[in-house]
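Asks: sequence and predicted structure, then a few things I'm wondering about:
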Amino acid sequence: MPKQIIIPFGPQHPVLPEPIHLDLVLEDEKVVEAIPSIGYIHRGLEKLVEKRDYNQYIYIAERICGICSFIHGLSYAQAVEGLMDIEVPERAVYLRTIGSEYSRLHSHLLWLGCFADSMGFESLFMNTWRIREHILNRMEESLGGRVIQGTCKVGGVRRDIDGETLDKMISELAGVEKDIKEVTATFLKDSSIRHRTKKVGILTKKEAFDMGAAGPTMRGSGVEKDTRMIGYAAYGKIDFAPITASGGDCYARCEVRVKELHQSIDIIRQCIKKIPEGPIEVKVKANPTGEYISRVEQPRGEAIHYVRGNGTKNLERFRVRTPTFANIPPLVKMLGGCDLADVPVIVLSIDPCISCTER
Amino acid sequence: MRVEEQPVIRVEVKDLLRKVEELRDEGCRLVQMHCTKVADDNYEINYSFDKDYKFQTLRMNITPENQIPSITGIYWAAFLYENEIHELFGVGIKGINVDFKGTLYKKKMKNPFAVSPVKGGEETCPSK
């Protein structure tokens, strides 16, 4: 039997923007086991709900993550609206959907850049992030910020997007789509990328389902599951279907995200075509009572916001289950049996967001 | 406005594993687990499942002295949820497949969400 050695991977590592630690048990160059450790930046944001009223807390919910901030805000607002049975105006619902898809575009482009970087493909990383700048600029102009938008509120949204800006979005998306097609062709066709990603970090369909994987990690293994299909925000009125790939490897997870970029552009176009005129918020009175779970599809997968109110202005309990939290056990499975050199690519392939996970 | 119906099914501790196994056999996916401190110093443990976009939650109420069985024998990936509940609330969970024994999070307070949080005496803070 070969001698086993343990190599620590993280919490500080060039491919990790945030701290997660893995103890990699190796036999020669093969990883036979990976033991995860998290908790380096646990912030106790769930506990803070006891100190902030339910309207103030949306600012904290948005700060759970610097990438999915818009969708965290939406999910929290939706949870409190479910608790208080608030009907959000139709225009606000469409604006929230547009914001969510812009967030998905910027997150997937960010991930593609980091993924290229994990393989040492620097020019591809720069090109991908160049495209992302267009998305961030438009988010800043229409939603109020590049990182934290502060757009969603309980009862609707704070900012409307005028017709001129919506037209600008449509025309700019045509150019962005062309750029995305060019750059993603490299991700899917380049021989060196295929060599690094095909049949690497395999998660079978059964494993993905049994382990409760989320988002592109799950869909890359062929599980047709996208929380947008439950029809929250305006997704019930939009024509789209979950995107899947069958390989279950790093390439398949990349393929799902590439196709989702085009899907997001299509959803934004549909929303801009269908968005009605009207108010963007309703007045919210009284304090929440009862409990509700809001489910949304973030770029990394399904996120859960649980809220419980007791009739006071402070919620009694707020709980978040983020997609990366759900994707850590599948990651441990993917790493078993892989080459040490493939570990950075496999870790990146789940699009880990530790800030979300630690909340 | 509520997006979907979210039925809650109450179970007793003794029936938990049987019920979870039934749901696994029906093809349900474990979506999440969470714990909530409720009145009378009790805890409410929730297990949420999804099948074909139908969401349901199993719920049981326990006292702080109760131990509950781990469901990691049925849903392997539940170990992170169970370790988190154990560390933040101090709930005793028997038979977790990957047991971090209180070291999942680096905290200043032992069981910060517990009915009676204990300051100091933290076994997991590496600086101590």
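Replies: Looks like it came in fine. Note that the structure is a prediction, hence the values are computed from the model and not measured. Residues are numbered from 1 along each chain as shown, chains lettered A, B, ... in the order given.
Asks: what about the closest residue to chain B within the stretch 201-350 of chain A, helix or strand, and which?
Replies: Closest residue of the stretch 201-350 of chain A to chain B, CB to the nearest CB: residue A:329 (3.6 Å). From N, CA and C alone the C-beta is placed, and that goes for glycine too. For residue A:329, the host element (DSSP states H and E) is helix A:323-335.
Asks: contacts for the helix or strand following that helix, please.
Replies: Where DSSP H and E defines the elements, the next helix or strand beyond helix A:323-335 is helix A:343-349. Applying CB atoms under 8 Å, 6 or more residues apart in numbering or on different chains, the contact partners of helix A:343-349 are A:9, A:13-16, A:20, A:22, A:24, A:31, A:111, A:114-115, A:118-119, A:196-197, A:200-201, A:217, A:250, A:253-254, A:331, A:334-335, A:338.
Asks: whichever of those residues end up buried, select them in ChimeraX.
Replies: Buried members of the contacts of helix A:343-349, defined by 16 or more other CB atoms under 10 Å in any protein chain shown, are picked up in ChimeraX with:
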select /A:9,13,15,16,20,22,24,31,111,114,115,118,119,196,197,200,201,217,250,253,254,331,334,335,338
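Asks: show me where the chain has strands.
Replies: This is for chain A. A:4-9, A:21-27, A:30-37, A:152-153, A:156-157, A:289-298, A:301-310, A:315-321 (DSSP state E).
Asks: my question was about chain B, not that one.
Replies: B:8-10, B:29-38, B:42-51, B:54-62, B:67-69, B:92-94, B:109-110, B:118-119.
Asks: can you put these in JSON lines and add mean neighbour count and mean pLDDT?
Replies: Shown next, in JSON lines, are the strands of chain B (neighbours: other CB atoms under 10 Å in any protein chain shown; pLDDT from 0 to 100):
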{"stretch": "strand B:8-10", "mean neighbour count": "12", "mean pLDDT": "92"}
{"stretch": "strand B:29-38", "mean neighbour count": "21", "mean pLDDT": "90"}
{"stretch": "strand B:42-51", "mean neighbour count": "20", "mean pLDDT": "92"}
{"stretch": "strand B:54-62", "mean neighbour count": "17", "mean pLDDT": "92"}
{"stretch": "strand B:67-69", "mean neighbour count": "17", "mean pLDDT": "91"}
{"stretch": "strand B:92-94", "mean neighbour count": "14", "mean pLDDT": "89"}
{"stretch": "strand B:109-110", "mean neighbour count": "18", "mean pLDDT": "78"}
{"stretch": "strand B:118-119", "mean neighbour count": "10", "mean pLDDT": "58"}
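Asks: out of the ones you listed, the one nearest residue A:97 is which?
Replies: strand B:54-62 (20.7 Å; CB to CB).
Asks: close to chain A, is the closest one?
Replies: Yes: with CB under 8 Å from any CB of the partner chain as the measure, strand B:54-62 is seen reaching chain A through B:55, B:57.
Asks: one more: stretch B:10-19?
Replies: No: using CB under 8 Å from any CB, stretch B:10-19 stays clear of chain A, with a minimum separation of 13.9 Å.
Asks: neighbouring contacts of that stretch?
Replies: With CB under 8 Å, 6+ apart, stretch B:10-19 has contacts from B:9, B:58, B:59, B:60, B:62, B:66, B:68, B:69, B:71, B:73, B:74.
Asks: so what's the fifth one up against?
Replies: Pointing back at residue B:62 there. B:13, B:42, B:43, B:45, B:68, B:91.
Asks: isn't the third one right up against residue B:59?
Replies: No: no contact is recorded between residue B:43 and residue B:59 when judged using CB atoms under 8 Å, the distance being 10.8 Å.
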